[in-house]
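In: Any chance you could fold what I've pasted below:
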Amino acid sequence: MANIWIARDYAACSGCKRCEIACSMKHEGWIWPEASRIRVFMPFPGLEVPHLCAQCSDYPCIGSCPTKALSVDPATKAVLVDREKCISCGACVRACPGNVPIMHPGDNKATICNLCNGDPECVKVCKEAGYNALMLVDEGPSVNRKLFSRHPVEVAKELAVYFFGEKGEEVI
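Out: Have a look, this model is predicted:
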(Lines give C-alpha, C1' and ligand atoms only; values in the text may rest on other atoms or scores of the structure.)
Protein backbone atom coordinates (compact mmCIF):
# COMPACT_ATOMS: atom_id res chain seq x y z
CA MET A 1 0.00 0.00 0.00
CA ALA A 2 1.44 3.31 -1.04
CA ASN A 3 -0.23 6.56 -1.91
CA ILE A 4 -3.76 5.31 -1.33
CA TRP A 5 -6.49 7.81 -0.67
CA ILE A 6 -10.21 8.27 -1.10
CA ALA A 7 -11.17 10.11 -4.27
CA ARG A 8 -14.65 11.59 -4.60
CA ASP A 9 -17.17 11.92 -7.38
CA TYR A 10 -19.19 14.71 -5.81
CA ALA A 11 -21.89 14.54 -8.48
CA ALA A 12 -22.57 10.89 -7.58
CA CYS A 13 -23.20 11.52 -3.87
CA SER A 14 -26.86 10.97 -2.96
CA GLY A 15 -26.53 12.33 0.57
CA CYS A 16 -27.58 8.98 2.07
CA LYS A 17 -24.93 9.32 4.81
CA ARG A 18 -24.22 5.58 4.83
CA CYS A 19 -20.54 6.55 4.89
CA GLU A 20 -20.99 8.53 8.12
CA ILE A 21 -22.82 5.63 9.75
CA ALA A 22 -20.23 3.03 8.66
CA CYS A 23 -17.37 5.23 9.84
CA SER A 24 -18.88 5.87 13.25
CA MET A 25 -19.71 2.19 13.68
CA LYS A 26 -16.11 1.24 12.83
CA HIS A 27 -14.43 3.83 15.04
CA GLU A 28 -16.97 4.50 17.78
CA GLY A 29 -18.84 1.21 18.01
CA TRP A 30 -22.25 2.81 17.48
CA ILE A 31 -24.05 5.16 15.10
CA TRP A 32 -22.65 8.58 15.99
CA PRO A 33 -22.37 10.66 12.80
CA GLU A 34 -21.07 13.67 14.74
CA ALA A 35 -17.93 11.65 15.52
CA SER A 36 -17.51 10.29 12.00
CA ARG A 37 -14.24 10.95 10.18
CA ILE A 38 -16.27 11.62 7.04
CA ARG A 39 -19.09 14.15 6.99
CA VAL A 40 -21.71 14.75 4.34
CA PHE A 41 -22.72 18.39 4.11
CA MET A 42 -25.70 19.84 2.25
CA PRO A 43 -24.79 23.52 1.89
CA PHE A 44 -27.65 23.97 -0.60
CA PRO A 45 -30.75 21.79 -1.04
CA GLY A 46 -30.01 18.82 -3.27
CA LEU A 47 -26.23 19.29 -3.28
CA GLU A 48 -24.50 16.87 -0.92
CA VAL A 49 -20.75 16.99 -0.41
CA PRO A 50 -18.75 14.17 1.23
CA HIS A 51 -15.97 15.81 3.24
CA LEU A 52 -12.95 13.93 4.55
CA CYS A 53 -9.18 14.03 4.66
CA ALA A 54 -7.51 14.07 1.24
CA GLN A 55 -4.16 12.92 2.70
CA CYS A 56 -2.34 15.95 1.20
CA SER A 57 1.22 15.18 0.15
CA ASP A 58 2.62 18.01 2.30
CA TYR A 59 0.35 17.31 5.32
CA PRO A 60 -0.19 20.91 6.52
CA CYS A 61 -2.08 19.59 9.56
CA ILE A 62 0.94 17.64 10.79
CA GLY A 63 3.30 20.58 10.51
CA SER A 64 0.88 22.80 12.42
CA CYS A 65 0.60 20.60 15.51
CA PRO A 66 2.55 22.13 18.40
CA THR A 67 2.72 18.84 20.35
CA LYS A 68 3.56 16.49 17.45
CA ALA A 69 0.31 14.59 18.06
CA LEU A 70 -0.12 13.98 14.32
CA SER A 71 1.99 11.63 12.24
CA VAL A 72 1.85 9.66 8.99
CA ASP A 73 1.09 5.95 8.99
CA PRO A 74 4.04 4.39 7.11
CA ALA A 75 1.82 1.73 5.50
CA THR A 76 -1.19 3.75 4.35
CA LYS A 77 0.23 7.30 4.43
CA ALA A 78 -2.88 8.32 6.41
CA VAL A 79 -2.74 10.91 9.15
CA LEU A 80 -2.72 9.38 12.62
CA VAL A 81 -3.66 11.20 15.82
CA ASP A 82 -2.00 10.43 19.14
CA ARG A 83 -4.90 11.34 21.42
CA GLU A 84 -2.62 11.44 24.47
CA LYS A 85 -0.50 14.20 22.91
CA CYS A 86 -3.39 16.20 21.40
CA ILE A 87 -4.14 19.35 23.41
CA SER A 88 -7.33 20.22 21.47
CA CYS A 89 -5.90 23.49 20.15
CA GLY A 90 -7.45 23.14 16.66
CA ALA A 91 -4.26 24.17 14.83
CA CYS A 92 -4.67 21.18 12.50
CA VAL A 93 -8.18 22.28 11.56
CA ARG A 94 -7.00 25.81 10.75
CA ALA A 95 -3.99 24.53 8.76
CA CYS A 96 -6.08 22.19 6.61
CA PRO A 97 -7.10 23.79 3.29
CA GLY A 98 -10.61 22.35 3.70
CA ASN A 99 -10.94 22.57 7.50
CA VAL A 100 -11.41 18.80 7.42
CA PRO A 101 -10.26 17.58 10.85
CA ILE A 102 -12.93 17.72 13.53
CA MET A 103 -12.67 18.04 17.26
CA HIS A 104 -14.24 14.83 18.52
CA PRO A 105 -17.55 15.50 20.32
CA GLY A 106 -16.63 13.05 23.07
CA ASP A 107 -13.11 14.07 24.09
CA ASN A 108 -12.51 17.23 22.00
CA LYS A 109 -9.38 15.70 20.43
CA ALA A 110 -8.42 16.06 16.77
CA THR A 111 -10.13 13.41 14.65
CA ILE A 112 -9.02 12.67 11.09
CA CYS A 113 -9.66 9.83 8.62
CA ASN A 114 -7.06 7.10 9.04
CA LEU A 115 -8.23 5.17 5.94
CA CYS A 116 -9.35 2.28 8.22
CA ASN A 117 -5.86 0.79 7.89
CA GLY A 118 -6.22 0.64 4.11
CA ASP A 119 -9.75 -0.79 3.92
CA PRO A 120 -12.11 2.19 4.38
CA GLU A 121 -15.62 1.30 5.50
CA CYS A 122 -17.08 4.43 3.86
CA VAL A 123 -15.88 3.33 0.42
CA LYS A 124 -17.30 -0.17 0.91
CA VAL A 125 -20.80 1.01 1.83
CA CYS A 126 -20.88 3.65 -0.92
CA LYS A 127 -19.94 1.03 -3.49
CA GLU A 128 -22.41 -1.47 -1.99
CA ALA A 129 -25.19 1.11 -2.38
CA GLY A 130 -24.21 1.61 -6.03
CA TYR A 131 -23.38 5.31 -5.74
CA ASN A 132 -19.60 5.03 -6.12
CA ALA A 133 -19.14 8.60 -4.92
CA LEU A 134 -16.17 7.41 -2.84
CA MET A 135 -13.38 5.38 -4.41
CA LEU A 136 -10.19 3.99 -2.91
CA VAL A 137 -7.42 4.75 -5.37
CA ASP A 138 -3.69 4.26 -5.47
CA GLU A 139 -2.20 7.19 -7.28
CA GLY A 140 1.23 8.70 -7.07
CA PRO A 141 2.08 12.00 -5.46
CA SER A 142 1.58 13.81 -8.80
CA VAL A 143 -2.17 13.93 -8.11
CA ASN A 144 -3.04 17.23 -6.42
CA ARG A 145 -5.19 15.92 -3.58
CA LYS A 146 -5.73 19.42 -2.25
CA LEU A 147 -8.32 19.77 -5.00
CA PHE A 148 -10.40 17.48 -2.78
CA SER A 149 -9.55 19.30 0.43
CA ARG A 150 -11.82 22.28 0.03
CA HIS A 151 -14.67 23.69 2.06
CA PRO A 152 -18.02 21.99 1.24
CA VAL A 153 -19.67 25.30 0.29
CA GLU A 154 -17.00 25.91 -2.37
CA VAL A 155 -17.57 22.41 -3.78
CA ALA A 156 -21.37 22.85 -3.67
CA LYS A 157 -21.16 26.09 -5.63
CA GLU A 158 -19.30 24.26 -8.40
CA LEU A 159 -21.83 21.42 -8.28
CA ALA A 160 -24.67 23.93 -8.62
CA VAL A 161 -23.11 25.27 -11.82
CA TYR A 162 -22.55 21.72 -13.06
CA PHE A 163 -26.13 20.63 -12.36
CA PHE A 164 -28.07 23.84 -12.96
CA GLY A 165 -25.89 25.99 -15.22
CA GLU A 166 -24.43 29.45 -14.82
CA LYS A 167 -26.49 32.26 -13.33
CA GLY A 168 -28.79 33.62 -16.00
CA GLU A 169 -28.14 30.68 -18.33
CA GLU A 170 -31.24 28.88 -19.50
CA VAL A 171 -31.24 25.28 -18.33
CA ILE A 172 -33.21 22.81 -20.38
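
In: So what's the residue count around the nearest residue to Arg150 once chain neighbours are set aside?
Out: Nearest residue to Arg150 in three dimensions, chain neighbours excluded: Gly98, at 4.9 Å (Cβ to Cβ, 6 or more residues apart in numbering). The C-beta positions use only the backbone N, C-alpha and C, and glycine is treated the same way. Gly98 has 20 neighbours, counted by other Cβ atoms under 10 Å.

In: dump the residue contacts of Gly98.
Out: 51, 54, 148-152 (Cβ atoms under 8 Å, 6 or more residues apart in numbering).

In: TSV for the residues you listed, including pLDDT?
Out: Converted to TSV, the contacts of Gly98 look like this (pLDDT from 0 to 100):
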residue	pLDDT
His51	95
Ala54	89
Phe148	72
Ser149	74
Arg150	81
His151	83
Pro152	88
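
In: from the residues you listed, which is closest to Pro43?
Out: Pro152 (5.5 Å; Cβ to Cβ).

In: So that closest one versus Glu158, what's the distance?
Out: Remark: distance between Pro152 and Glu158 (Cβ to Cβ, to the nearest Å) = 11 Å.

In: Also Ala95?
Out: From Ala95 to Glu158 the distance is 23 Å (Cβ to Cβ).

In: Show me which of those two is the more surrounded one.
Out: Neighbour totals were compared for Ala95 and Glu158, and Ala95 leads with 18 against 14 (other Cβ under 10 Å).

In: Now that one: closest residue in space, sequence neighbours ignored.
Out: Ser64 (3.5 Å).

In: so what's the one you found up against?
Out: So Ser64 contacts 91-92, 94-95 (Cβ under 8 Å, 6+ apart).
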